[in-house]
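# What would the 3D arrangement of this be:
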Amino acid sequence: MAGILISAPASGTGKTTVMLGLLRALAEDGLIVQPFKSGPDYIDPAFHKAACGRASYNMDTWAMGPQLLGAIASQAQGADICVAEGSMGLYDGVATAGQSGHGTSAETARRMGWPVVLVVDVGGQAQSAAATALGFQTYMPDLPFAGVILNRVASPRHERLTRLGMERAGLTVLGSLPRRGDLALPERHLGLVQATEHPDLDAAIAGYAEFLRAHVDLDAIKAAAAGLPTPPKSPLPHPPAQCIALAQDAAFSFAYPHLVQGWRNAGAEIKPFSPLADAPPASDADLVWLPGGYPELHAGTLAAASRFQSGLRAHAQTKPVHGECGGYMALGQGIVDKSGTRHQMAGLLGLETSFEKRKFHLGYRRVILEQSIPGFDAGSVLRGHEFHYTTILAEPDAPLAKVMDADGNPVAETGSVRGHVTGTFFHLITGEESK
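Model prediction:
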């Protein structure tokens, strides 16, 4: 499937604005657009879907083997073009290769054969920006490279000088975006504010599309799209139960799309419910799954959600409950919010967490289960990702797993198990494929 990958030399250069505007503009032109996100991002795929109407999936060359990457690539069936958004800088990843690679956006582009469109923030420089872009083009010689989009251009003179540098370096300029202060999306500590919380997201994306139409050569971008044959594939991950009550609201939304789609593909029944609306999980569910999210922003509401709490406790008496990151925190004894106020949580695990003094946890996780979790037996090797700003005050229950970072160093937060209840700070991406 032909496509392109939108990347940049670093975070904060405007690639998300370009991505969303391009998705909407291509969809407005009548194309069926399949979005992807390179790397372990929990928020951007929802923005992609809002922009073009088609579910977006993560591709991760550190965590995913060739078969899962092939299965995710096959979700583009029926689309006219793929557009992927990179994470961080184009070549940023981990030091140690995972099942497939180092987790860089460049690896995703090379594996899929998608030419890179590099968004370059040219603020504070002119011809010198070409040296940066040329270095990114030549750093990986076999990486397909479509060209550059100049961002935050200050004036017509600034654009002319910058284009001269790019021409001298032999780089194709696909567009030039004037500096505008109204194009930034609102953010919080884990990145962008969630798509469902944006006050007028559709209008914002429509504005991005109009901006790109005025300043980017869309026909040149369409013509640059290319791709390699889809890698060998296996089915998407199998469901951990037949009937799954899945928490879904502003506090619990970080479920990887390929997991949930795999559950549906295999015939599992997904029953969404909202803890923030004080809804209990379905009484006939075989499993309750609490994804990550922002429980710390809604801790008071969750503490007062008596129907949710009692339904969760009743389920846990006889059937499994699993929580990831924010979901894990909600299963614990309590959460201390940023003001220092403690809120009582479900109490199904002994975990105590605090956001009063934040501690940053970020990175890939390789996990060997010491106890089973829904869908995986003890001894299984999993790959996942952890991202939160939480101080762990207590994690007293039996450890769930041996957890390591991408370099094989031990991670102190092992997850917990008590009875039918399990929880982890990492977000599951996949079970490890055999090589």
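# Count residues in the vicinity of Thr391, would you?
In terms of burial, Thr391 registers 14 neighbours under the definition other Cβ atoms under 10 Å. C-beta: built from backbone N, CA, C; applies to glycine.
# got the end-to-end distance for stretch 346-363?
27 Å (Cα to Cα, to the nearest Å).
# now it: mean pLDDT?
Throughout stretch 346-363, pLDDT has a mean value of 95.
# Give the buried residues for it.
For stretch 346-363, the buried set under the neighbour-count rule, 16 or more other Cβ atoms under 10 Å, comprises Ala346, Leu348, Leu349, Leu351, Glu352, Thr353, Ser354, Phe355, His361.
# Closest one of the residues you listed to Met64?
Here the nearest of these to Met64, counting by Cβ to Cβ, is His361; it sits at 21.7 Å.
# and the closest one, what helix or strand is that in?
Element membership of His361 [criterion: DSSP states H and E] is strand 360-369.
# which non-adjacent residue is nearest Ala79?
Among residues not flanking Ala79 along the chain, Gln34 sits closest, at 3.7 Å (Cβ to Cβ, 6 or more residues apart in numbering).
# quick one: secondary structure of the one you found?
strand (DSSP: H, G, I helix; E, B strand; the rest coil).
# about what we covered before: and the buried residues of stretch 346-363, which is closest to Asp286?
Among the buried residues of stretch 346-363, Leu348 lies closest to Asp286 (Cβ to Cβ), at 17.1 Å.
# Near Ala247, how many other residues are there?
27.
# beta partners of Val403?
For Val403, the residues forming beta bridges with it (DSSP bridges) are Val367.
# Out of the buried residues of stretch 346-363, name the ones that lie in strands.
Glu352, Thr353, Ser354, His361 (DSSP state E).
# Check which element follows the lowest-mean-pLDDT helix or strand in the chain along the chain.
Of all helical and strand segments in the chain, the minimum by mean pLDDT, DSSP states H and E falls on strand 191-192, at a mean of 62. Of the helices and strands lying after strand 191-192 in sequence (DSSP H and E), the nearest is helix 201-215.
# Might you calculate how far the helix or strand following that next one sits from the centre of the chain?
For helix 201-215, the succeeding helix or strand toward the C-terminus, using DSSP H and E, is helix 218-224. Using Cα atoms, centre = their mean, to the nearest Å, the distance from the centre of helix 218-224 to the centre of the chain it belongs to is 26 Å.
# in the stretch 101-250 of the chain, which spans are strands?
Remark: strands assigned in the stretch 101-250 of the chain by DSSP state E, counting those that start in this stretch are 116-121, 145-153, 173-178, 187-188, 191-192, 243-247.
# if we look at the sheet, which residues does the residue nearest to Ala79 bridge to?
The partner residues for Gln34, given DSSP bridges, come to Cys82.
# In this structure it contacts Ile81, no?
Yes - counting by Cβ atoms under 8 Å, Ile81 is a contact partner of Gln34 at 7.3 Å.
# more neighbours, those two?
Set side by side, Gln34 and Ile81 show more neighbours around Gln34, with 25 against 21, by other Cβ under 10 Å.
# residues in contact with the more buried one?
Listed by Cβ atoms under 8 Å, 6 or more residues apart in numbering, the contact partners of Gln34 are Met1, Gly3, Arg54, Gln75, Ala76, Ala79, Ile81, Cys82, Val83.
# Please work out how many residues are found near the residue nearest to the second one when sequence neighbours are not counted.
What sits nearest to Gly3 in space, not counting adjacent residues and going by Cβ to Cβ, 6+ apart, is Cys82, at 2.9 Å. By the criterion of other Cβ under 10 Å, Cys82 has 21 neighbours.
# Which segments of this structure make up each domain?
Under automatic domain parsing, the residue ranges defining each domain of the chain are 3-224, 243-431.
# What backbone torsions are found at Tyr389?
Backbone dihedrals for Tyr389, given as degrees, to the nearest 10, come out at phi -120, psi 60.
# Specify the beta-bridge partners of it.
The residues listed as beta-bridge partners of Tyr389 by DSSP bridges are Phe360.
# Is it in contact with Leu362, as I believe?
No - with contact defined as Cβ under 8 Å, Tyr389 and Leu362 do not form a contacting pair (9.2 Å).
# Quick check: Leu297 vs Lys37, distance?
Leu297 sits 23 Å away from Lys37, going by Cβ to Cβ, to the nearest Å.
# Check Ala305 too.
With the distance defined as Cβ to Cβ, Ala305 ends up 31 Å from Lys37.
# try Ala46
The gap separating Ala46 from Lys37 is 10 Å, by Cβ to Cβ.
# Show the contacting residues for the nearest residue to Ser339 once chain neighbours are set aside.
Using Cβ to Cβ, 6+ apart and skipping the chain neighbours, the partner closest in space to Ser339 is Glu356 (7.4 Å). Contacts for Glu356 were tallied using Cβ under 8 Å, 6+ apart; they are Val336, Asp337, Lys338, Ser339, Gly340, Thr391.
# neighbours around the closest residue to Arg213 other than its chain neighbours, how many?
If you skip the residues right next to it in sequence, Arg213 has Ala25 as its closest partner in space, 5.7 Å away by Cβ to Cβ, 6+ apart. Using other Cβ under 10 Å, Ala25 is surrounded by 24 other residues.
# again with Lys222
By other Cβ under 10 Å, the residues close to Lys222 number 15.
# Can you give me the distance of the nearest residue in space to it that is not next to it in sequence to Ala106?
Setting aside the residues directly before and after it, Lys222 is nearest to Ile81 in space (Cβ to Cβ, 6+ apart), at 6.9 Å. Distance of Ile81 to Ala106, computed by Cβ to Cβ: 20 Å.
# Check Gly332 too.
Plainly put, Gly332 is 39 Å away from Ala106 if you go by Cβ to Cβ.
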